[in-house]
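Trainee: Return atomic coordinates for the entry below.
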Amino acid sequence: MIEYQDITNTVKEKGNMGGAWEDVYFAPKDDFAEFATRPPESGDREFTTMNKLIIGQDRLKPGKKLYKAYNTLEKVSLTAPRQGEIDGISHKPTLELFNPGLTSEALAMLLIPNQSWIFYVRTGEQMFRVGGEQFAAKLSAEGEVGTGKTTADLKGNSMIFTTYDVGFPPEVVDIDAILAMRNAVDEGLTVVYAPAHGDTLVLVDADPTITFGEAVVNADTLAAFTNQEIEAIITLKSLDVDGNEVANKPFTAAILGNVVTITPTSNFAAATIYQVKFDATKVLSADAKGRVNGSNYAKFTTA
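Mentor: Below is the predicted model of the structure:
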């Protein structure tokens, strides 16, 4: 069953500028250990989350990372032309890129046209994944690379990648978690939450903790976190049964060694779901400068 919702004008009082961000992130499909998915078509679904990657997580294999591709402004686009017939409509997501100059790295992409890729594309405050477990993104025969004919021409490498999907490419729900994959995982940088993810009957006066398996540093400074810095990258929120954010829970945080202690300014509400989460892009292991090996959030329910 599908729970329908109104389709509203969300841009009435804000901008609606088109175009995609100039930086696109990518990795070979074989580098992924797991892919997040949309809600299954066989279960109950809501309009709001039907095209979002809310089941599981995108996770790279140990030692693997995302790479960044720069593109000339206004030469990145993500479209999804429809194809098929009335009882068999699907889409062919198409990602157009343009890397200026004749960089050896971009030219190398042309020598492996049969490689299977996964891309992440940002537009506004959203991010979409191109390719997934069922179909990867492949380099298309369209597009060209060249020097240009005149000094006023733009020289570079135009690449078009296509894949197949039921609809438009699915939307990422945690952009920070994707950006964190720019660094390879440090297998020793585990993370343990107390209360643990999924715990119930948690006392309302609990002080949640996050314990890292190794010493960590701030990715912005490559120095140990101050209490103010660690507090700034943590959120503590109450959620409804569907996982939607309800309200922020005020707190203070302090780090001592590898343990972060989160102290709410007042008791939790009873019989309520809460989520503690940190910005995974900001936490690196002190030695290897790798990212966290594990989830960057935990949800629990109070007694």
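
Trainee: In the chain, which strand is the longest?
Mentor: strand 185-194 (DSSP state E).

Trainee: buried residues in it?
Mentor: Within strand 185-194, the residues that qualify as buried are 185-186, 189, 191, 193-194, counting by 16 or more other C-beta atoms under 10 Å. In this view, the C-beta of every residue, glycine as well, is placed from N, C-alpha and C.

Trainee: Tabulate those (a markdown table), appending pLDDT and distance to I230.
Mentor: Listed next are those as a markdown table, based on pLDDT from 0 to 100; distance: C-beta to C-beta, whole Å:
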| residue | pLDDT | distance to I230 |
| --- | --- | --- |
| V185 | 89 | 21 |
| D186 | 92 | 18 |
| L189 | 96 | 15 |
| V191 | 97 | 13 |
| Y193 | 98 | 15 |
| A194 | 98 | 16 |
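
Trainee: re earlier: which secondary structure elements does the longest strand of the chain sit against?
Mentor: strand 209-212, strand 283-285, strand 291-293 (3 or more C-beta pairs under 8 Å, 6 or more residues apart in numbering; DSSP states H and E).

Trainee: on that earlier part again, which one among the buried residues of strand 185-194 gets closest to T37?
Mentor: Nearest to T37 out of these is V185 (C-beta to C-beta; 21.1 Å).

Trainee: Ignoring the adjacent residues along the chain, who's closest to that closest one?
Mentor: Nearest non-adjacent residue to V185, counting by C-beta to C-beta, 6 or more residues apart in numbering: N293, 5.0 Å away.

Trainee: what's around that neighbour, how many residues?
Mentor: 18 (other C-beta atoms under 10 Å).

Trainee: outside of stretch 244-256, which residues touch it?
Mentor: Defining contact as C-beta atoms under 8 Å, 6 or more residues apart in numbering, one finds that stretch 244-256 is touched by 225, 227, 230-231, 234-240, 260-266, 268, 274-275.

Trainee: Out of the residues you listed, which end up buried?
Mentor: Buried among the contacts of stretch 244-256 by 16+ other C-beta under 10 Å: 225, 230-231, 234, 236-239, 260-262, 264, 268, 274-275.

Trainee: ok, so what distance separates the closest residue to K65 other than its chain neighbours from S238?
Mentor: Once flanking residues are discounted, K65 sits nearest to A184: 4.5 Å by C-beta to C-beta, 6+ apart. Per C-beta to C-beta, to the nearest Å, A184 is found 34 Å from S238.

Trainee: do I230 as well
Mentor: 21 Å.

Trainee: what do you get for L107?
Mentor: 51 Å.

Trainee: Equivalent analysis for I55, please.
Mentor: Distance, I55 to S238, using C-beta to C-beta: 22 Å.
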